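>>> Here is a sequence together with a model predicted from it:
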Amino acid sequence: QTEPFTNKSFIKVDINESGPKPKISTLDNGLRVVSLDWSHIGGAVGLAINTGPRYETADETGAALYCEKMGLKSSENMSQFDIMSHFERTGANITSHQTREQILFEIEALRPDLIGLLDLLTDSVLHPKFDLQEFEEQKYIINYTVSQMLDTPEKWMVEECNRPAYGDGTPMGRSILNIEALQNIQMDTVKNFMKKWYTPSRMVVGGVGIEHERLVENVNQKYGHLPKDNVPLLEENGDITGYYADVPPSEYKGGYLDIVDTRKNRVGIDLPGNFQCFSSVFVGFNGPSLLAGRNYYVAHILATLLGNGSSFSSGGPGKGMYSRVYKNILSSGFVQSGQYIYNPHLDGGVFGLTLSGIQRYTMHTLELACDGLLNLQEFTDEEFERAKNQLMSLVCTNLESTVLTLDDVLRQVSVYNKR
């Protein structure tokens, strides 16, 4: 028998208490600043710019991708070597990525280093040097990355499904994996695209684990000189109205796209001798937009109910084996992998299922994809509750990450002007 502790201290935790609310301020020129309290020694800062491939013209194809890749390269004040050396000394993690409608730069580091790192990000974005050697280097990297992706259809189907959905050549349907266009783009085209769309009202600077007043003061010093733009905004914005009054139109059309597979002619030449040329199919339809309110969340639950799956699992059996892709599709024997696709945009979206498998069974694979979507019209209470729990678990797990929390804050404030 042990004696009870004489000096006890307890921390009371209310699991039903809502989390910290973000603080949002708008500068005189329209740029928004958002911060979120974070009980961790680390933090994150980042910048979201509301532009992307959707805002490109046919002559500008690939400009948004180069804007993302040229971020944190040499500025007028610092070389790329100096910038990267500073990041290495602070142990910071850097992330940049883009969607059809946004470009994001995010930096995760210890709290004392956040302001200095934000200054480096700001300098490289607002005052880029556009060094020709760095630009050509990014061309090489993009060419290699896209070429590797095009050899694996299950990876690029997420983007290419927009072509038949919105029409090849339209702002939303134009392929962002067009190697010829990506290689022929000129540096001046990227500069002009950046000048046109890098305006205050389209920018959101965010921080997690940093004092709001300090962040606003720093952002005002660095971005306050930018002239106010005339981007039309909605006076009342929220889950179903958004922040911007006008976006490039994207009419959903639907259609059929057939891409000829030439990979088998390259096996043993520039592809491994044991390379398996699986065929891939996609079946989808017009899905809820980011502003669809309740239907947006319903689409995510249905997508989780479909799930993802592969005949090879690097983490052992059990992961996702209750999803319909695992139970009803992979058991066919000729399907290698399957995953749902849900690409929501400001005024529409694409929802569907892509499957990859043995080529001689392509038509059967297509039938399975159709059946998988049609069968979503019926599901049991057990399936529905499991899908909801899986989705909530995934969201909660992601929000334990500093940089993913920042990403969520930047995206939501950019679109809804709230979180």
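Perfect, I can see it now.
>>> ok, now how distant is the residue nearest the centre of the chain from E180?
Among the residues of the chain, T99 comes closest to the average C-alpha position under Cα atoms, centre = their mean, at 5.2 Å. Note on T99: its distance to E180, by Cβ to Cβ, to the nearest Å, is 23 Å. For every residue, glycine as well, the C-beta is placed using N, CA and C.
>>> quick one: the residue nearest to the centre of the chain and G52 touch, right?
Yes - with the criterion set as Cβ atoms under 8 Å, T99 and G52 qualify as a contacting pair; they are 5.9 Å apart.
>>> Would you mind listing the residues in contact with C67?
Residues in contact with C67 (Cβ atoms under 8 Å, 6 or more residues apart in numbering) are 51, 103, 190, 193-194.
>>> want to throw those into a markdown table with distance to L404 and neighbour count?
Below are these laid out as a markdown table (distance: Cβ to Cβ, whole Å; neighbours: other Cβ atoms under 10 Å):
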| residue | distance to L404 | neighbour count |
| --- | --- | --- |
| T51 | 22 | 23 |
| I103 | 17 | 25 |
| V190 | 28 | 23 |
| F193 | 28 | 21 |
| M194 | 27 | 21 |
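>>> Just give me the closest of those residues to L391.
The nearest member of the contacts of C67 to L391, counting by Cβ to Cβ, is I103 at 26.8 Å.
>>> residues touching that closest one, list them.
Neighbour list for I103: 48-49, 51-52, 64, 67-68, 71, 96 [criterion: Cβ under 8 Å, 6+ apart].
>>> hmm, 7 Å instead?
The neighbours of I103, taking Cβ atoms under 7 Å, 6 or more residues apart in numbering as the test, are 49, 51-52, 64, 67-68.
>>> List the ones among the residues you listed that fall in helices.
Within the contacts of I103, membership in helices is found for 64, 67-68, as judged by DSSP state H.
>>> Turn those into CSV, columns for pLDDT and distance to G206.
Putting these into CSV (pLDDT from 0 to 100; distance: Cβ to Cβ, whole Å) gives the following:
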residue, pLDDT, distance to G206
A64, 94, 20
C67, 93, 19
E68, 93, 17
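>>> I'd like the residues you listed as TSV, with distance to P171 appended.
Conversion of the ones in helices among the contacts of I103 to TSV gives the following (distance: Cβ to Cβ, whole Å):
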residue	distance to P171
A64	11
C67	16
E68	18
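>>> what ranges of the stretch 201-350 of the chain fall below the confidence cut-off?
In the predicted model of the stretch 201-350 of the chain, residues 237-239, 274, 311-321 satisfy pLDDT under 70.
>>> With the stretch 1-150 of the chain instead?
Along the stretch 1-150 of the chain, the parts satisfying pLDDT under 70 run over 1-17.
>>> so where do the strands sit in it?
Along the stretch 1-150 of the chain, the segments classed as strands by DSSP state E, counting those that start in this stretch run 23-26, 32-36, 42-49, 93-98, 103-110.
>>> export those strands to TSV and tack on distance to Y361?
Written out in TSV, the entries for these read as follows (distance: least, Cβ to Cβ, whole Å):
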stretch	distance to Y361
strand 23-26	52
strand 32-36	49
strand 42-49	43
strand 93-98	35
strand 103-110	39
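>>> closest to A165 out of these?
A165 sits nearest to strand 93-98 of all the strands of the stretch 1-150 of the chain, at 18.7 Å, using Cβ to Cβ.
>>> Need the residues that contact the closest one.
Outside of strand 93-98, the residues within contact range by Cβ under 7 Å, 6+ apart are 52, 64-65, 68, 71-72, 87, 104-108, 403.
>>> thinking again about what came up before, if we only consider the contacts of C67, which is nearest to E134?
Within the contacts of C67, proximity to E134 (Cβ to Cβ) peaks at V190, which comes in at 11.7 Å.
>>> quick one: the closest one and A63 touch, right?
Yes - under the contact definition of Cβ atoms under 7 Å, V190 touches A63, with a separation of 5.1 Å.
>>> ok, and the nearest residue to L257 once chain neighbours are set aside, which helix or strand is that part of?
Spatially, and ignoring its direct neighbours in sequence, L257 is nearest to P164 (4.1 Å; Cβ to Cβ, 6 or more residues apart in numbering). If you go by DSSP states H and E, P164 is part of helix 162-166.
>>> Can you list the buried residues in that helix?
Within helix 162-166, the residues that qualify as buried by neighbour count (16 or more other Cβ atoms under 10 Å) are 162-166.
>>> still on that earlier bit, can you name the two of the contacts of I103 that sit furthest apart?
Between any two of the contacts of I103 (Cβ to Cβ), the greatest distance is 10.3 Å, for T51 and E68.
>>> what secondary structure does the nearest residue to Y166 once chain neighbours are set aside sit in?
For Y166, ignoring the flanking residues on the chain, the nearest one in space by Cβ to Cβ, 6+ apart is G173 at 3.5 Å. Under DSSP: H, G, I helix; E, B strand; the rest coil, G173 falls in the coil class.
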